[in-house]
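*Asks:* Predicted model follows, preceded by the sequence.
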Amino acid sequence: LPGIIAPAAIRYEALIARLPGIKPLPKDLEVYASDAPPPDYSIALEVAGVDRAADEAGFEGFHLYGHSGGGAVALAYAAARPERLLSLAVDEPASDFTQEAHADLDEFRSLASLPPPERMRAFMKLQVSPAVELPPPPEGPPPAWMAARPAGIDAFLAALERHERLEDRYASFRSPVLYTWGSLTHPRWEVMKQRLAKLFTDFTAQRFEGLHHLNTSHQAEPDRVAELLLGFWARAEAA
């Protein structure tokens, strides 16, 4: 599952190329299933979308990996369908659906009044360490899929806020959990790692030096992430 900006095929192209023998299923978020977010959009709709995609692929049990917005959906899926996952891996989830994460959304909600170009820039700034200088916007016209992103971000943030708190449900997830984050990302993800380490029964974390939310591990170091995931999945299946 990708984040709220880039489509799954773009986000995970380099990583998937390094996973021989694996049957990957990159799945875009349901918020982008049509030109505009559905009026009843929710995180529960995303969870149902994962179920549907897995059913159509013939997956009975499977490993789930998600980044940012997709990481939040993956956490919600693990809480709702713990019996179906062999493992859960998340890279800097947009939320862990705890009370603390709910409070973190205030900063993002404050961007709603900005015009779309300024909002996207401010949105990205909130995801990295203050020490990181954002690169200039790419030259040329944006890709066609970018037009849906401002509305998708707003709908997704609202859905995160409405979704139930999950901190009391993670302990029932018994499969292994892997959490990754970058040393130059926003400090909220280090704090989130510490929270989740206390809530899951089998929790492993890996920090990637010099990386952050906009230059994340599966893009910057796909070989290392592929090796990490293959070993993690093998351990989960052996268990």
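*Replies:* Cool, the structure landed.
*Asks:* I'd like to know how far A151 sits from Y65.
*Replies:* 26 Å (C-beta to C-beta, to the nearest Å). For every residue, glycine as well, the C-beta is placed using N, CA and C.
*Asks:* ditto for R174
*Replies:* According to C-beta to C-beta, R174 and Y65 sit 18 Å apart.
*Asks:* just W233 next, same as before
*Replies:* W233 sits 9 Å away from Y65 when distances are taken as C-beta to C-beta.
*Asks:* the more surrounded of the two?
*Replies:* Between W233 and Y65, counting by other C-beta atoms under 10 Å, Y65 is the more crowded of the two (25 against 20).
*Asks:* what packs against the lengthiest helix in the chain?
*Replies:* Using DSSP state H, we find that the single longest helix of the chain is helix 222-238. Counting contacts by 3 or more C-beta pairs under 8 Å, 6 or more residues apart in numbering; DSSP states H and E, helix 222-238 packs against helix 13-16, strand 62-67, strand 85-91, strand 177-182, strand 203-208, helix 217-220.
*Asks:* buried set for the lowest-mean-pLDDT helix or strand in the chain?
*Replies:* When the helices and strands of the chain are scored by mean pLDDT, DSSP states H and E, helix 116-125 comes last with a mean of 79. Neighbour-count burial for helix 116-125, counted by 16 or more other C-beta atoms under 10 Å, picks out R119, M120, F123.
*Asks:* Same question for stretch 132-142.
*Replies:* Across stretch 132-142, burial judged by 16+ other C-beta under 10 Å covers V132.
*Asks:* OK, contacts around R119?
*Replies:* Applying C-beta atoms under 8 Å, 6 or more residues apart in numbering to R119 gives the contacts L111, A112, P150, I153.
*Asks:* can we see that at 10 Å?
*Replies:* By C-beta atoms under 10 Å, 6 or more residues apart in numbering, the contact set of R119 is F108, L111, A112, S113, R149, P150, I153, D154.
*Asks:* Ok, L105 next?
*Replies:* Applying C-beta under 10 Å, 6+ apart to L105 gives the contacts A94, S95, L157, A158, L160, E161.
*Asks:* so which helix or strand takes in it?
*Replies:* Assigned by DSSP states H and E, L105 belongs to helix 99-109.
*Asks:* Tell me the secondary structure of the residue of the chain positioned farthest from its centre, please.
*Replies:* Using C-alpha atoms, centre = their mean, the residue of the chain lying farthest from its centre is G140. It sits 27.7 Å away. Secondary structure, DSSP: H, G, I helix; E, B strand; the rest coil: G140 is coil.
*Asks:* How about G182: what's its closest non-neighbour residue?
*Replies:* L211 (3.4 Å; C-beta to C-beta, 6 or more residues apart in numbering).
*Asks:* Y12 now?
*Replies:* With C-beta to C-beta, 6+ apart, the residue lying closest to Y12 is P26, at 5.1 Å.
*Asks:* Look up how far M124 lies from G210.
*Replies:* Counting by C-beta to C-beta, the gap from G210 to M124 is 18 Å.
*Asks:* cool, and L199?
*Replies:* 28 Å.
*Asks:* cool, and A238?
*Replies:* From A238 to M124 the distance is 39 Å (C-beta to C-beta).
*Asks:* again with F59
*Replies:* Distance, F59 to M124, by C-beta to C-beta: 33 Å.
*Asks:* Then L29?
*Replies:* For L29, the distance to M124 equals 18 Å [C-beta to C-beta].
*Asks:* Can you verify my assumption that G61 contacts P82?
*Replies:* No - contact criterion C-beta atoms under 10 Å: G61 and P82 do not qualify, at 11.0 Å.
*Asks:* hey, what's in contact with both of these two?
*Replies:* S175.
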